[in-house]
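Visitor: 3D, please:
(chains A and B)
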Amino acid sequence: MRLFNTLSGQVEDLVPSDGKALRMYACGPTVYDYGHIGNFRTFLQVDVLRRTLRLLGTDVRHVMNITDVDDKIIRNATAAKLSITDYTRKYQEAFFQDLDALQVQRPEIVARATENIPAMVALIQRLTEQDIAYRAEDGSWYFRIARFPEYGKLSRKDFGGITDGARIDVDEYEKDSARDFALWKAPKPGEHQWQTALGPGRPGWHIECSAMAMEFLGESFDLHAGGEDLMFPHHENEIAQSESATHRTFARHWFHVRFLLVEGRKMSKSEGNFYTLRDLLLRGYKASAIRMLLISVPYRQQLNFTFEGLAAETIAVERLRTFRDRVRNTPWPGRPAPSPDSSEISALARDTRARFAAALADDLNTAEARAAIFEMVRAVNACADAGAFFAGDQQAVLETLREFDQVFAVLDDHDDQWTRFTLQWAESEGRLKDAAPEVLARLELSDEQIQALVDERTQAKRTRNFARADQIRNDLAAKGILLEDSKDGVRWKRK
RNA sequence: GCACCGGUGGCGAAGUGGCUAACGCGCUGGUCUGCAAAACCAGUAUUCGCCGGUUCAAUCCCGGCCCGGUGCUCCA
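Guide: Here you go, the predicted structure:
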């Protein structure tokens, strides 16, 4: 496949350098709070990348880190009078639950910073041996940027002349140069710390990714991913410390996911447009619709996340699910096509499959990929309505949908399950008041209770008691339960 | 202030130097239906932020401007 590489600024081929599996590292969350939709856009786009690679027949070895020690975690844990481990546990669990809700595949390896301190210390030692790292008066260790001439190559910044200003040095008496960054931080009194050959303390932010990426993927690997905000300084610093230590290319390909807007504005708490996944689920939006919206705009585009868009994607997903049900369940005539290769639908399904894969292989053009699927949906419906759906077509269309869902993962309906889960969580956190009334109404009746009412309505209709039938239908509609009458019976679904 | 990215119909958004400017939602009309809903079908941008330029031809290339975003800087 072809993928834009931040390092070169160009779309390039992406292939496993060892000819077997694509080795990729993706920056994971800092687990000090619940994840927001901006975080999840990045994780979802990385998921689209790994699913696309697998669809195209490339195995992946995907490592994701969990940053479970940093300034914010220490601050919050201290405030909560908890150890950092106890403090982060809850947010780690929540994070993986959220990934499950969004159908994000687990990476092959999840690496926690606190479980890989020795690898980080060893990496820093390699830098100290070359005099690239130095110890400050307080016992912290810093990376000497002046020793890495290529610094800035990822974010295309020129730091010549900035690194050693006399005026800057006045303020930064602990560091040799203002831009030098911490590899290892000396502990403040009472802080969680590790006793190491570097002295007591904890790792700087950047070193964990360098150390763990190399630990699990080797000194040089295929691809490194993250949100666009990480390009500088985080990824730049990773390159500096890794390549200084090994004298080898750290990651060959860099993948950065653009930030999103919410209702046309930058998402921020002060704007009042800051949403966690759980906020949206409590408001009644479906996990599948959130996934669909967050992946449908290609990763290099700024996505404008709106509630109108979310409602639109809810309907779009529903339409695809309905379509698959129709293809699966309608008793087709089953007559053979006029000639073996003449079935328009089978040919269309094959073409669509090719177009879908080609769009994704072209720098993950998810918009073009889904357009191909929707065009097939319309064409197949038209053929089916016209009676031109032949034996063999069903399998061909279902196969195309299967490949679509290998990447998009929205057709199987797990939505109520995750909404229920979120309601339970909200109850335990005292946040049930944030749940939209419609959500509570929608899940109030069990499937069995709904089915009983549906059956009663069918009986009422049979005796032409339309008043009673309509009353049941209206009562259910008020609870967000929609009924669909068809020749084969009544289907219902939660809105 | 500097750098980079983007500005396409009511909304989201793909795309291309010249062929009818994808797709989803919405809207309008239709099929179906006891009536609805749902489902399905059809229609829905003479036009691609603004102003110039290059070209036989620009939404697509170049320059300027306006707007949005990100990073840097500043500040904390």
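Visitor: what's opposite the closest residue to A:Asp13 other than its chain neighbours in the beta bridge?
Guide: Closest residue to A:Asp13 apart from its sequence neighbours, by C-beta to C-beta, 6 or more residues apart in numbering: A:Arg2 at 6.0 Å. C-beta: built from backbone N, CA, C; applies to glycine. Counting by DSSP bridges, A:Arg2 forms beta bridges with A:Asp13, A:Asp362.
Visitor: how many residues are close by A:Arg2?
Guide: 14 (other C-beta atoms under 10 Å).
Visitor: so what's it up against?
Guide: A:11-14, A:361-363 (C-beta atoms under 8 Å, 6 or more residues apart in numbering).
Visitor: neighbour count and distance to A:Asp100 added to these, as CSV?
Guide: Formatted as CSV, the contacts of A:Arg2 follow (neighbours: other C-beta atoms under 10 Å; distance: C-beta to C-beta, whole Å):
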residue, neighbour count, distance to A:Asp100
A:Val11, 14, 32
A:Glu12, 16, 33
A:Asp13, 9, 32
A:Leu14, 24, 27
A:Ala361, 18, 27
A:Asp362, 15, 29
A:Asp363, 16, 28
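Visitor: before we move on, back to that, distance check, the residue nearest to A:Asp13 against A:Leu281.
Guide: 35 Å (C-beta to C-beta, to the nearest Å).
Visitor: name the next helix or strand following the lowest-mean-pLDDT helix or strand in chain A along the chain.
Guide: The helix or strand of chain A with the poorest confidence is helix A:166-171; it has a mean of 39 (mean pLDDT, DSSP states H and E). Downstream of helix A:166-171, the first helix or strand assigned by DSSP states H and E is strand A:181-185.
Visitor: for the following helix or strand past that following strand, buried residues please.
Guide: Per DSSP H and E, the first helix or strand lying C-terminal to strand A:181-185 is strand A:194-196. For strand A:194-196, burial by neighbour count (16 or more other C-beta atoms under 10 Å) applies to A:194, A:196.
Visitor: partners of strand A:194-196 in the sheet?
Guide: Counting by DSSP bridges, the strands paired with strand A:194-196 are strand A:199-203 (antiparallel).
Visitor: pLDDT weak spots in the stretch 151-300 of chain A?
Guide: A:159-174 (pLDDT under 70).
Visitor: again, 90 this time
Guide: By pLDDT under 90, the low-scoring segments of the stretch 151-300 of chain A are A:151-153, A:155-180, A:188-192, A:232, A:263-273.
Visitor: what segments of it are helices?
Guide: Using DSSP state H, counting those that start in this stretch, the helices found in the stretch 151-300 of chain A span residues A:166-171, A:205-217, A:236-246, A:277-282, A:287-296.
Visitor: what's the closest non-adjacent residue to A:Arg50?
Guide: A:Val60 (5.0 Å).
Visitor: buried residues in the helix or strand hosting the one you found, which are they?
Guide: Secondary-structure assignment from DSSP H and E places A:Val60 in strand A:59-66. Within strand A:59-66, the residues that count as buried by 16+ other C-beta under 10 Å are A:60-66.
Visitor: now do stretch A:209-222
Guide: For stretch A:209-222, the neighbour count (16+ other C-beta under 10 Å) marks A:209-217, A:219-222 as buried.
Visitor: these also near RNA strand B: which ones?
Guide: Contacts with RNA strand B within the buried residues of stretch A:209-222, counted by C-beta under 7 Å from any atom of the strand: none were found.
Visitor: which one of those residues is nearest to A:Gly152?
Guide: Distance to A:Gly152 across the buried residues of stretch A:209-222 (C-beta to C-beta) is lowest for A:Ser210, with 17.1 Å.
Visitor: hmm, who's touching the top helix by length along chain A?
Guide: Using DSSP state H to define each element, chain A has its longest helix at helix A:307-329. Here helix A:307-329 makes contact (C-beta under 8 Å, 6+ apart) with A:263, A:280, A:285-286, A:288-290, A:292-293, A:296, A:373-374, A:377, A:380-381, A:384, A:394, A:397-398, A:401, A:410-411, A:413, A:488, A:493.
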